[in-house]
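Colleague: predicted model and sequence below, questions to follow.
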Amino acid sequence: MTAGLEEKKENILAARFGGLGDLLITLPSIQLIKKKRPQTQITLVARQSYGLFLKEAEVIETLLPLEAHEASLLFQAGEEIPGLKLLHYDLVLIWLNKEPAGMEAFWRRRFGEKLRLIVWPGEADRPLAHYFLLKTAEIFNIHINRSSEEKEYALLTVKEKWLEKAQSHFPWLKDIPYVVLHPGSGRLIKRWKLENFLSLIDFFVEKRIGGIVITGPAEESYLTLLSACRWPDRWGWAHEPDLRIVCGLLSGALLYIGNDSGITHLAASCGCSGLAFFRQENFPAWSPWSDRIKIIVASELESIEIESAVEKIQELLASKKDGFPKNNG
């Protein structure tokens, strides 16, 4: 980075491609820049629905949706930009999971010396969110004093109105200990069986803990079965709830249980305690960067027995006894 950029850092175009989990992996890096370089304005290139959520969370100031024509002009080879109107940024920062192949040469022609790429080298000894954070700190010459400070950047500030919205949508959860179950993921191979998640409900009912099952657009195949379920008292199901409502649910939850998914990363960002199931090939790189989300790892998720999950959940509940009703066994 040139001295001029180091002094100014006024306008940064930051790009992250992919789903919700991919975007949240860059949350610590974005919040590091905001805290340590408060004079900087960040324009984020991301999917519109996720970017608007981060904008309302005040993580970013400006969004350039990936679906917009301007984004295609900037990041896809082909049509040239008329004039320089879209190139007024002091720096263009792109976080990538792998080498961009032929696109790097195009981006370097487009952005010149303004371009900074952070590419994951394929290491498997730490969460990708931590790797991105350290590399972002290097680019901006930021010194991070301690490991506890690092993880502060991985947390969202959950707005009170989000919690209120969640309570208004799911009033049966108000004033009781409850859990959030998310049995989905973008790929079937990364999902613990839906039947296993549903079996956990019996365990929680015995503990007098309420809850909600949430599903997203990737879980369309679950809709028929979940629609036919007879939910116990203080339990229910919601399909594709607004991310702000999901944050409200997570911020008030006793525990979260899920798979390798964007919602699991969101739970970690909300400071939620919980349990997640990960394939060995995706751990620890794609795991949430959180001490509160415990991970059960297996080469195949089908090999994870319910008893193993219940044992881990018991341990988590034992550390949260204050969340139970006083007469709970």
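Modeller: Perfect, I can see it now. Residues are numbered from 1 along each chain as shown.
Colleague: who's in contact with Glu67?
Modeller: Arg47, Gln48 (CB atoms under 8 Å, 6 or more residues apart in numbering). All C-beta spots, glycine's among them, are computed from the backbone N, C-alpha and C.
Colleague: per-residue confidence at it?
Modeller: As predicted, Glu67 sits at a pLDDT of 93.
Colleague: tell me the secondary structure for it?
Modeller: Of the three states, Glu67 takes coil under DSSP: H, G, I helix; E, B strand; the rest coil.
Colleague: for it, what are phi and psi?
Modeller: When read as degrees, to the nearest 10, the backbone of Glu67 gives phi -80, psi -10.
Colleague: distance of it from Ala267?
Modeller: Glu67 sits at a distance of 26 Å from Ala267 (criterion: CB to CB, to the nearest Å).
Colleague: distance between the helix or strand encompassing Ile245 and the chain's centre?
Modeller: Assigned by DSSP states H and E, Ile245 falls within helix 243-252. Relative to the chain's own centre, helix 243-252 is displaced by 12 Å; criterion: CA atoms, centre = their mean, to the nearest Å.
Colleague: mean confidence (pLDDT) on it, please.
Modeller: Averaged across helix 243-252, pLDDT comes to 97.
Colleague: so what secondary structure elements neighbour it?
Modeller: helix 48-56, helix 160-169, strand 178-182, strand 210-215, helix 262-269 (3 or more CB pairs under 8 Å, 6 or more residues apart in numbering; DSSP states H and E).
Colleague: among these, which is the most enclosed?
Modeller: helix 262-269 (a mean of 27; mean count of other CB atoms under 10 Å).
Colleague: quickly run through the sheet partners of the following helix or strand past that helix, with directions.
Modeller: Next helix or strand after helix 262-269 toward the C-terminus (DSSP H and E): strand 274-279. In the sheet, strand 274-279 lines up against strand 255-259 (parallel), strand 293-298 (parallel) (DSSP bridges).
Colleague: need the CA coordinates for the shortest one. PDB is fine.
Modeller: By that I understand strand 255-259. The C-alpha trace of strand 255-259 is given here as PDB (Å, rounded to 0.1, in the frame of the first residue of the first chain):
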ATOM      1  CA  LEU A 255     -28.600 -22.900  22.400                       C
ATOM      2  CA  TYR A 256     -28.300 -23.200  18.600                       C
ATOM      3  CA  ILE A 257     -27.900 -26.600  16.800                       C
ATOM      4  CA  GLY A 258     -27.000 -26.700  13.100                       C
ATOM      5  CA  ASN A 259     -24.800 -27.900  10.300                       C
END
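Colleague: could you give the angle of it to helix 262-269?
Modeller: Comparing the axes of strand 255-259 and helix 262-269 via axes from the mean of the first three to the mean of the last three CA atoms, to 10 degrees yields an angle of 150 degrees.
Colleague: average model confidence for strand 255-259?
Modeller: Across strand 255-259, the average pLDDT comes to 98.
Colleague: what sits up against it?
Modeller: 179-185, 190-192, 197, 200, 250, 264, 267, 272-278, 293, 301, 309, 313, 316-317, 320.
Colleague: which of those residues are buried?
Modeller: Using 16 or more other CB atoms under 10 Å as the burial test, the contacts of strand 255-259 include 179-185, 190-192, 197, 200, 250, 264, 267, 272-278, 293, 301, 309, 313, 316-317 as buried.
Colleague: what comes up buried for stretch 15-35?
Modeller: Buried, per 16+ other CB under 10 Å, within stretch 15-35: 15-34.
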